[in-house]
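Novice: Next input, structure requested:
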Amino acid sequence: MSTAARTGGPDALYARVEAAVEGTAYRLRRTERGFDLSADVPQASRHRSQLHTYRVEVRAAEQAYVMTDVVRTESRGPGGVRGTTVASGRSRYTTWSTAADGTGRQRFSSADGHRLIRGAAAELGWREVRPTGQQVALVCGAVGGLLALGTLIALGAVFLL
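Specialist: Coordinates of the predicted model:
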């Protein structure tokens with residue numbers, strides 16, 4: 001075992017994920033802030049392709065990481081018209097399709113990649129930090145819920161008096 005793997009640093013996390021994806025359809029690539037784990041999502045149509053990337057930002061000083069899903073979908077329509085959408089955040093979905101060559105059924109679950117990364121990080125004692133956008137959404141949801149509750153209480157007090 002290398003020194004990096006024993007110390008539990010960013011290289012150890014990368015090495016664990018790399019070992020876990022060996023022999024699978026996942027592709028691993030280092031980035032400036034961590035790494036990207038990507039997989040092609042099987043599609044029923046040959047006119048559509050989808051790439052799911054788990055973008056992992058490593059915060060070595062905190063022994064923490066932030067995982068963000070980036071889903072890029074490309075469609076080809078009549079006359080060669082192309083369309084591309086990119087969704088970022090946390091995506092949870094499962095797809096099933098028959099291979100374009102008819103060889104059989106294929107499955108992709110975004111949860112599998114999440115489990116793979118979380119498992120490798122847990123072995124090293126790393127913790128996951130929610131992306132900023134998700135934290136903001138939770139705060140906004142809580143504030144909205146409290147405002148709705150306050151409104152209901154105020155309406156109840158007005159109509160009961």
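Novice: tell me the pLDDT at residue 4?
Specialist: If you check residue 4, the pLDDT there is 41.
Novice: who's in contact with residue 74?
Specialist: Residues near residue 74 by C-beta atoms under 8 Å, 6 or more residues apart in numbering: 48-50, 82-84. C-beta here means a position set from N, CA and C on the backbone, and glycine is covered the same way.
Novice: try it again with 10 Å
Specialist: By C-beta atoms under 10 Å, 6 or more residues apart in numbering, the residues touching residue 74 are 47-51, 82-86.
Novice: And the helices in the protein, which stretches?
Specialist: Residue ranges of the helices in the chain, as given by DSSP state H, are 3-7, 10-21, 110-123, 132-160.
Novice: Averaging pLDDT over each of those, report the lowest-scoring one.
Specialist: Lowest mean pLDDT of the helices of the chain: helix 3-7, a mean of 42.
Novice: thinking residue 44 is in contact with residue 50, fair?
Specialist: No. With contact defined as C-beta atoms under 10 Å, residue 44 does not count as touching residue 50 (11.0 Å).
Novice: Which one of these two is surrounded by more residues?
Specialist: For residue 44 and residue 50, the more surrounded residue by other C-beta atoms under 10 Å is residue 50, and the numbers stand at 17 against 13.
Novice: Neighbours of the residue lying closest to that one once chain neighbours are set aside, how many?
Specialist: Once flanking residues are discounted, residue 50 sits nearest to residue 41: 3.9 Å by C-beta to C-beta, 6 or more residues apart in numbering. By other C-beta under 10 Å, the residues close to residue 41 number 20.
Novice: which residues touch residue 41?
Specialist: Counting by C-beta under 10 Å, 6+ apart, residue 41 has contacts 25, 48-52, 71-73, 93, 95, 97, 106, 108-110.
Novice: what are the bridge partners for residue 37, then?
Specialist: On the basis of DSSP bridges, residue 37 is bridged to residue 28, residue 54.
Novice: pLDDT at it, what is it?
Specialist: With respect to pLDDT, residue 37 scores 96.
Novice: Might one say that it is in contact with residue 110?
Specialist: No. Residue 37 is beyond contact range of residue 110, at 11.2 Å (criterion: C-beta under 10 Å).
Novice: Give me the common contacts of the two.
Specialist: What both residue 37 and residue 110 touch, as defined by C-beta under 10 Å, 6+ apart, is the set 52, 54.
Novice: Great, nothing more from me.
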